[in-house]
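> Have a look; sequence and predicted model below, questions after that.
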Amino acid sequence: MEQALSTFVRSIFVDNMIFAYYLGMCSFLAVSKNVKTATGLGIAVTFILVCTLPINYMLENYVLKEGALSWLGPQFADVNLSFLAFILFIAIIAAFTQLVEMVVEKFSPSLYASLGIFLPLIAVNCAILGGSLFMQQKAFPNVGVATVYGLGSGLGWMLAIVGMAAIREKLAYSDIPKPLRGLGISFIITGLMGMAFMCFSGLKI
């Protein structure tokens, strides 16, 4: 329980996908113009991370890595399928992205229209693939901790994009120098928010 709580808090504030690793920046900068749209995309990213990380964890530990197939018999103890990790991880992510896209299109056409191309591009969002690759590196003890990490990473990404969207909405009423308008001031704010999140780097639970 303690490890799960620590993983959850660290994945939101310390190992934030945007402010610690700058993953998923394309959709982060493109969609963070409106709080409602940013929230919708944040929820979609969180949902996909929560669904795909435990599946990819089980694939990694029971199918792909060296010795993972030993449960089939001693003759499979030396089999190493880790070279298939990228393909299978992306296939799982793409399948859930397609599911989310169909659900959003059916139940919230306005959100679907506002997200545009960035909803299907969740399949290649490096924050989501990064979650699965970090899961490999961190070697979580069980699927529960991996799921908690996916939830925390998604909420951290959503916190970042919603916060950025709220700031950019306020910037519409600000007198910004012309050369910095648009992406220029957005990059500066992202860097400042990243520096602010560095305050959590010494956080211990």
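On my side now, so go ahead.
> Could you list the low-confidence segments of the protein?
123-124, 203-205 (pLDDT under 70).
> Counting by contacts, list what the longest helix seen in it packs against.
The residue-count maximum for a helix in the chain (DSSP state H) belongs to helix 143-171. Using 3 or more C-beta pairs under 8 Å, 6 or more residues apart in numbering; DSSP states H and E, the elements in contact with helix 143-171 are helix 2-9, helix 25-31, helix 35-59, helix 126-138, helix 183-197. No exception for glycine: its C-beta is placed from N, CA and C like everyone else's.
> what comes up buried for it?
145-165, 167-168, 171 (16 or more other C-beta atoms under 10 Å).
> Repeat that for stretch 171-181.
Buried residues in stretch 171-181, counted by 16+ other C-beta under 10 Å: residue 171.
> how far out from the middle of the chain is that stretch?
Stretch 171-181 sits 29 Å away from the centroid of its parent chain (C-alpha atoms, centre = their mean, to the nearest Å).
> Quick check, residue 111 in contact with residue 38.
No - look at residue 111 against residue 38 with C-beta atoms under 8 Å: they stay out of range, at 10.8 Å.
> For these two, indicate the residue with more neighbours.
residue 38 (26 against 18; other C-beta atoms under 10 Å).
> follow-up on the earlier one: of the helices and strands packed on helix 143-171, flag the one that's most buried.
With neighbours taken as mean count of other C-beta atoms under 10 Å, the helices and strands packed on helix 143-171 reach their highest mean count in helix 35-59, at a mean of 22.
> What's the first helix or strand after that one?
Sequence order places helix 85-107 as the next helix or strand after helix 35-59, per DSSP states H and E.
> Among the helices and strands packed on helix 143-171, which comes closest to residue 117?
Checking the helices and strands packed on helix 143-171 against residue 117 by C-beta to C-beta gives helix 25-31 as the closest, at 9.0 Å.
> what does the closest one rub up against?
For helix 25-31, the surrounding residues in contact (C-beta atoms under 8 Å, 6 or more residues apart in numbering) are 18, 37-38, 41, 115, 118, 121-122, 125, 157, 160-161, 164-165, 183, 186-187, 190.
> For stretch 34-44, list the C-alpha coordinates in PDB.
Extracted in PDB, the C-alpha atoms of stretch 34-44 (Å, rounded to 0.1, in the frame of the first residue of the first chain):
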ATOM      1  CA  ASN A  34      -9.500  25.800 -23.900                       C
ATOM      2  CA  VAL A  35     -10.100  24.300 -20.500                       C
ATOM      3  CA  LYS A  36     -13.100  22.100 -21.500                       C
ATOM      4  CA  THR A  37     -11.200  20.600 -24.500                       C
ATOM      5  CA  ALA A  38      -8.100  20.100 -22.500                       C
ATOM      6  CA  THR A  39     -10.000  18.300 -19.700                       C
ATOM      7  CA  GLY A  40     -11.600  16.000 -22.300                       C
ATOM      8  CA  LEU A  41      -8.300  15.100 -23.800                       C
ATOM      9  CA  GLY A  42      -6.800  14.700 -20.300                       C
ATOM     10  CA  ILE A  43      -9.500  12.200 -19.300                       C
ATOM     11  CA  ALA A  44      -9.000  10.300 -22.500                       C
END
